[in-house]
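> sequence first, predicted model second:
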Amino acid sequence: MAILVTGGAGYIGSHTVLYLKEQGEEVIVLDNFTKGHKAALLETPYYEGNLHDEALLDKVFTENTIDAVIHFAASSLVGESVTDPLSYYENNVMGTFHLVKKMVAHDVRRIVFSSTAATYGEPESTPIKEDDPTIPTNPYGETKLAIENMLKWSDQAYGLKSVCLRYFNAAGADPEGRIGEDHDPETHLIPIVLQVALEQREFLKIFGDDYNTEDGTCIRDYIHVMDLAQAHYLAVKKLRETEESSIYNLGNGQGFSVREVLETCRQVTGRIIEAKVAPRRMGDPAILIASSKKAKQELGWTPQYAALETMVQHAWNWHVNHENGFNE
Ligand SMILES: NC(=O)c1ccc[n+]([C@@H]2O[C@H](COP(=O)([O-])OP(=O)(O)OC[C@H]3O[C@@H](n4cnc5c(N)ncnc54)[C@H](O)[C@@H]3O)[C@@H](O)[C@H]2O)c1
Ligand SMILES: O=c1ccn([C@@H]2O[C@H](COP(=O)(O)OP(=O)(O)O[C@H]3O[C@H](CO)[C@@H](O)[C@H](O)[C@H]3O)[C@@H](O)[C@H]2O)c(=O)[nH]1
């Protein structure tokens, strides 16, 4: 029995693949390498191709005995989704449609789905709980919510069981430094700040300092990528044991402003990191902080690397040793 990981060559996918293999799971990856890296797979078997390719999906499900799918493959940038929403509907909603259609056809009935804090939009109260209103403020979150609903109805109609994991902001890298985050172009806050520390960029643009927060910059809940990996493994185990669908938030329940992240990066790296205030980025909610009580109670999830300093340190270890990412 193998777990199929779509998007397994990407940032969170590759760390989850590593974690699953360490737990003794057999893993197969499907990735089109638009964003992912072959070197991040560390010799895991893979199929190179697109979610939209139904013939390829038939081949993957016929050639392997797959008992669960972990579905990371998606487009996932808030700002880009605002300027090009149709590409998000195409890659995320239609891509998942093809995958789910072929899972049902091949009688594979367990899926763990990468959802997001962006499904909530501007929260009414903090920390956010799973049954709080979901009113996305950007097309990215909207497409992820559409997929959650696709999965809900597919459970009712076809018995497809899903765990939707709404992660907050993934950060950090493999604590042993084997893999890390490498996006081109990079858009995420922590790697961008570390690129300034490495003198690969001149300064950090702080996207808005007029939000209704203490220092005026946006607040996010950062979660270590290996703690996310652990949650995916626990979600697969829960599906195998209970055959019940559910939704969980994954965060640390603590928010850090853009300026606080910058300061932590300065402390960890000991480098000078310039920053300048720039206009707000479209689609950004002011504050996103998770309540992850449900995941802890029901999945037995126990984050190992909750401190922001640890996440930045692990990210820094990777970046300082791989200045060109995987292209070395
Ligand atoms: N990074 C975060 O903070 C964060 C937070 C919440 C949710 N998520 C979700 O987690 C998932 C993984 O995020 P990530 O940061 O690792 O992204 P990533 O871009 O590093 O990884 C995505 C992977 O999917 C592959 N891919 C994309 N479209 C594909 C397609 N049509 N067919 C085959 N492969 C395809 C890419 O090549 C890449 O390897 C995404 O679904 C994202 O929406 C990420
Ligand atoms: O150069 C930069 C980059 C980011 N930010 C700010 O830093 C915060 C974090 O931004 P980023 O790292 O881009 O993450 P988010 O836009 O919060 O989105 C991430 O976190 C979401 C969940 O909260 C996921 O759904 C997304 O996939 C993932 O990209 C935001 O307030 C940004 O405006 C800056 O000020 N300057």
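Looks like it came in fine. Ligands and ions are numbered 1, 2, ... in the order given.
> and the helices in the stretch 101-250 of the chain?
139-158, 189-197, 225-242 (DSSP state H, counting those that start in this stretch).
> against which helices or strands is the second one packed?
Identification of packing neighbours for helix 189-197 by 3 or more C-beta pairs under 8 Å, 6 or more residues apart in numbering; DSSP states H and E yields strand 204-207, helix 258-269, helix 308-321. In short, each C-beta sits where N, CA and C put it, glycine included.
> now the first one
Applying 3+ C-beta pairs under 8 Å, 6+ apart, one finds that helix 139-158 makes contact with helix 78-83, helix 85-88, helix 95-105, strand 110-116, strand 161-167.
> pick out the shakiest of these, pLDDT-wise.
With a mean of 92, helix 78-83 has the lowest mean pLDDT of the helices and strands packed on helix 139-158.
> ok, the residue of the chain most remote from its centre - contacts?
What lies farthest from the middle of the chain is residue 272; by C-alpha atoms, centre = their mean that is 29.1 Å. Residues counted as contacts of residue 272 (C-beta atoms under 8 Å, 6 or more residues apart in numbering) are residue 266.
> wait, a helix at it?
No - with DSSP: H, G, I helix; E, B strand; the rest coil as the criterion, residue 272 is located in coil rather than a helix.
> and the one helix or strand in the chain whose mean pLDDT sits lowest, is it in reach of ligand 2?
Least confident helix or strand of the chain, by mean pLDDT, DSSP states H and E, is helix 78-83 with a mean of 92. Yes - between helix 78-83 and ligand 2, judged by C-beta under 6 Å from any ligand atom, the touching residues are residue 78.
> buried residues, that helix. List them.
Buried residues in helix 78-83, counted by 16 or more other C-beta atoms under 10 Å: 78, 80, 81, 82.
> out of these, which comes closest to ligand 2?
Nearest to ligand 2 out of those is residue 78 (C-beta to the nearest ligand atom; 4.3 Å).
> run a quick neighbour tally on residue 130.
As a burial measure, residue 130 scores 18 neighbours (other C-beta atoms under 10 Å).
> what does residue 157 give?
Applying other C-beta under 10 Å, we find 9 residues neighbouring residue 157.
> what number of residues lie near residue 274?
Neighbour count for residue 274, taken as other C-beta under 10 Å: 11.
> hmm, I typed the wrong one, I wanted residue 263.
Neighbours of residue 263 under the rule other C-beta under 10 Å: 15.
> equivalent analysis for the one 10 residues further on, please.
Neighbours of residue 273 under the rule other C-beta under 10 Å: 19.
> ok so residue 47 is a strand residue?
Yes - counting by three-state DSSP, residue 47 falls inside a strand.
> surely it meets residue 32?
No - with contacts counted by C-beta atoms under 8 Å, residue 47 stays clear of residue 32, the gap being 9.6 Å.
> about what we covered before: nearest to residue 58, out of the helices and strands packed on helix 139-158?
Closest approach to residue 58 among these is made by helix 95-105 (6.5 Å; C-beta to C-beta).
> what angle separates that closest one from helix 139-158?
Counting by axes from the mean of the first three to the mean of the last three C-alpha atoms, to 10 degrees, helix 95-105 points 20 degrees away from the direction of helix 139-158.
> ok and helix 95-105 relative to strand 161-167, angle-wise?
150 degrees.
> list the helices and strands helix 95-105 packs on?
With contacts taken as 3+ C-beta pairs under 8 Å, 6+ apart, helix 95-105 sits against helix 54-63, strand 66-71, strand 110-116, helix 139-158.
> determine whether any part of it lies close to ligand 1.
Yes - using C-beta under 6 Å from any ligand atom, helix 95-105 comes into contact with ligand 1 via residue 95.
> for that helix, the distance to its chain's centre please.
Computed by C-alpha atoms, centre = their mean, to the nearest Å, the chain-centroid distance of helix 95-105 equals 20 Å.
> got the CA coordinates for it in PDB?
C-alpha atoms of helix 95-105 as PDB (Å, rounded to 0.1, in the frame of the first residue of the first chain):
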ATOM      1  CA  GLY A  95      -6.900  20.000 -11.200                       C
ATOM      2  CA  THR A  96      -8.600  18.600  -8.100                       C
ATOM      3  CA  PHE A  97     -11.700  17.700 -10.100                       C
ATOM      4  CA  HIS A  98      -9.600  15.400 -12.300                       C
ATOM      5  CA  LEU A  99      -7.800  13.900  -9.400                       C
ATOM      6  CA  VAL A 100     -11.000  13.200  -7.400                       C
ATOM      7  CA  LYS A 101     -12.800  11.900 -10.500                       C
ATOM      8  CA  LYS A 102      -9.900   9.400 -11.000                       C
ATOM      9  CA  MET A 103      -9.700   8.500  -7.300                       C
ATOM     10  CA  VAL A 104     -13.400   7.500  -7.300                       C
ATOM     11  CA  ALA A 105     -13.000   5.600 -10.600                       C
END
